[in-house]
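[1] need a 3D model of the sequence below.
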Amino acid sequence: GNRAATMRSVLTIDNVEAAAVRLADVVTRTPIVNHRRIDAVAGATVHLKAENLQETGAFKYRGASNAIARLDPKTRRAGVVTYSSGNHGQAVAAAAKAAGTTAVVVMPNDAPLQKVALTQSHGARIVRYDRYTESRSDIADAIAVYEGRTVIPPFDHYDVMAGQGTVALELLDQVPDLDALLVPVGGGGLLAGCATVMRARRPSMELYGVEPEAGDDHRQSRRAGRRIDIGVPRTIADGQQVPTPGELTWPINDRLTTQFLVASDAEIVAAMRLLFEQTQMVVEPSGACALAALLAGRVSLRGKRVGVILSGGNVSWPRFQELTSA
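    Sure thing, here's the model as predicted:
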């Protein structure tokens with residue numbers, strides 16, 4: 001496809017600002033949620049960026065919409081293909097439909113059924129694979145070749161990263177004086193976009209990427225000084241079951257992130273419960289990961305103004321009950 005055109009070697013705040021203009025009438029400007037109880041537990045003033053309230057229930061709609069909008073009309077008409085455990089697939093399906101084109105989504109056999117059904121509900125064709133034995137990107141590449149589609153990867157793509165960075169542009173507009181930002185990390189697209197914005201606008205801000213404890217590929221990669229592959233992690237945070245940092249996202253995140261933190265599955269559940277009980281918001285495990293690290297004291301930001309991205313809310317009611325009642 002037109003990969004050469006989109007593979008810029010660097011991501012700049014200009015790219016993110018252009019994405020924000022492109023997405024102004026497409027994405028939801030999500031609210032900031034504040035709560036005294038959460039501030040009390042954190043010992044800080046916490047500003048929750050509620051991307052669980054974004055179209056398709058997660059920040060992923062931003063990057064998918066931006067990447068599709070950047071295709072030339074002929075390429076766009078030919079359709080797109082992606083691979084995803086859920087949120088990105090759903091986002092690409094919905095964004096493709098909104099842009100008047102078609103999508104194929106390669107999804108693992110063990111993806112949550114609700115995510116599969118939701119992705120199908122946006123008109124996408126689903127292709128299943130085994131996440132422990134098959135390469136989803138190889139399957140997507142083959143479909144792209146056979147059907148003339150363009151691959152929209154979940155994170156390793158500059159237009160996707162630029163779209164995700166619009167979360168940080170909104171957040172700074174809503175809360176200009178942040179001291180720190182905590183961002184959930186899977187492949188690192190959201191962090192790369194947000195870090196690019198924050199380092200340009202507030203260079204002294206502390207930036208934390210937060211992973212599930214069992215899937216700490218970024219933390220291990222930072223220690224090793226290179227990308228480490230830890231295999232598919234076993235964690236409740238299905239949106240963060242990524243074995244290694246993205247090839248394109250890693251150099252950006254390694255350069256710009258203060259530190260990589262982790263939250264255990266139990267800490268994630270505690271954050272999900274607190275969010276539900278105090279703010280009446282349902283957030284999926286990956287979406288609560290960054291808040292979980294803050295509430296569990298994995299980093300001390302006492303007395304500071306802290307932004308926390310709640311990255312998504314796509315969890316079925318039975319699954320939510322099962323996790324939070326344990």
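[2] so which helix or strand takes in Gly231?
    For Gly231, there is no host helix or strand (DSSP states H and E).
[3] contact partners for the residue nearest to it when sequence neighbours are not counted?
    In space, Gly231 comes closest to Pro243 once its chain neighbours are excluded; the distance is 5.4 Å by C-beta to C-beta, 6 or more residues apart in numbering. All C-beta spots, glycine's among them, are computed from the backbone N, C-alpha and C. Applying C-beta atoms under 8 Å, 6 or more residues apart in numbering to Pro243 gives the contacts Asp217, Asp229, Ile230, Gly231, Val232, Pro233.
[4] ok, 7 Å please
    Pro243 makes contact with Asp217, Asp229, Ile230, Gly231, Val232 under the criterion C-beta atoms under 7 Å, 6 or more residues apart in numbering.
[5] ok, those residues vs Thr324, which is closest?
    Distance to Thr324 across the contacts of Pro243 (C-beta to C-beta) is lowest for Val232, with 24.4 Å.
[6] would you confirm that that closest one contacts Thr244?
    No: with contacts counted by C-beta atoms under 7 Å, Val232 stays clear of Thr244, the gap being 10.2 Å.
[7] more neighbours: the two, which one.
    The residue with more neighbours, out of Val232 and Thr244, is Thr244; 17 against 13, by other C-beta atoms under 10 Å.
[8] check which helix or strand covers that one.
    Mapping Thr244 onto the secondary structure by DSSP H and E places it in no helix or strand at all.
[9] of the contacts of Pro243, which is the nearest to Tyr129?
    Distances from Tyr129 to the contacts of Pro243, taken as C-beta to C-beta, are shortest for Val232 (12.8 Å).
[10] do you know how far the closest one is from His88?
    The gap separating Val232 from His88 is 16 Å, by C-beta to C-beta, to the nearest Å.
[11] also Pro184?
    For Pro184, the distance to His88 (C-beta to C-beta) stands at 14 Å.
[12] mind listing what's buried in stretch 104-113?
    Of the residues in stretch 104-113, those buried by neighbour count under the rule 16 or more other C-beta atoms under 10 Å are Val104, Val105, Val106, Met107, Pro108, Ala111, Pro112.
[13] and those as a markdown table, adding pLDDT, secondary structure and distance to Arg77?
    What follows is the buried residues of stretch 104-113, written out as a markdown table (pLDDT from 0 to 100; DSSP: H, G, I helix; E, B strand; the rest coil; distance: C-beta to C-beta, whole Å):
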| residue | pLDDT | secondary structure | distance to Arg77 |
| --- | --- | --- | --- |
| Val104 | 97 | strand | 15 |
| Val105 | 96 | strand | 18 |
| Val106 | 95 | strand | 21 |
| Met107 | 90 | strand | 24 |
| Pro108 | 87 | strand | 29 |
| Ala111 | 79 | coil | 28 |
| Pro112 | 74 | coil | 31 |
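[14] list just the nearest of the residues you listed to Ala162.
    Looking at the buried residues of stretch 104-113 and their distance to Ala162, the nearest is Val105, at 21.5 Å (C-beta to C-beta).
[15] contacting residues for that closest one?
    Thr82, Ser84, Gly89, Val92, Ala93, Thr119, Ala124, Ile126.
[16] so how far is the helix or strand hosting the fifth one off the chain centroid?
    The secondary structure element spanning Ala93 is helix 87-98 (assigned by DSSP H and E). For helix 87-98, the gap between its own C-alpha mean and the chain's C-alpha mean amounts to 14 Å (C-alpha atoms, centre = their mean, to the nearest Å).
[17] stretch 125-145 too?
    In terms of C-alpha atoms, centre = their mean, the gap separating the centre of stretch 125-145 from the centre of its chain is 20 Å.
[18] contact partners of that stretch?
    Identification of contacts with stretch 125-145 by C-beta under 7 Å, 6+ apart yields 1, 81-83, 104-110, 116, 119-120, 149-151, 232.
[19] same thing with stretch 46-62?
    Residues external to stretch 46-62 that are found in contact with it (C-beta under 7 Å, 6+ apart): 23, 27-28, 30-34, 38-39, 87-88, 90-91, 94-95, 163-164, 166-167, 171, 175, 190, 281, 283, 287, 306-314.
[20] got the CA positions of it in PDB?
    Output in PDB follows, covering the C-alpha atoms of stretch 46-62 (Å, rounded to 0.1, in the frame of the first residue of the first chain):
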ATOM      1  CA  VAL A  46      -6.500  13.500  40.300                       C
ATOM      2  CA  HIS A  47      -8.000  14.500  36.900                       C
ATOM      3  CA  LEU A  48      -9.400  11.400  35.200                       C
ATOM      4  CA  LYS A  49      -9.600  11.600  31.400                       C
ATOM      5  CA  ALA A  50     -12.600   9.500  30.600                       C
ATOM      6  CA  GLU A  51     -11.800   7.800  27.300                       C
ATOM      7  CA  ASN A  52     -14.200   5.000  28.300                       C
ATOM      8  CA  LEU A  53     -16.800   7.500  27.100                       C
ATOM      9  CA  GLN A  54     -15.200   7.800  23.700                       C
ATOM     10  CA  GLU A  55     -17.000   6.400  20.600                       C
ATOM     11  CA  THR A  56     -16.700   2.600  20.600                       C
ATOM     12  CA  GLY A  57     -15.700   2.800  24.300                       C
ATOM     13  CA  ALA A  58     -12.000   3.500  24.000                       C
ATOM     14  CA  PHE A  59      -9.400   6.000  22.900                       C
ATOM     15  CA  LYS A  60      -8.600   3.700  19.900                       C
ATOM     16  CA  TYR A  61     -11.300   5.400  17.800                       C
ATOM     17  CA  ARG A  62      -9.000   8.500  17.600                       C
END
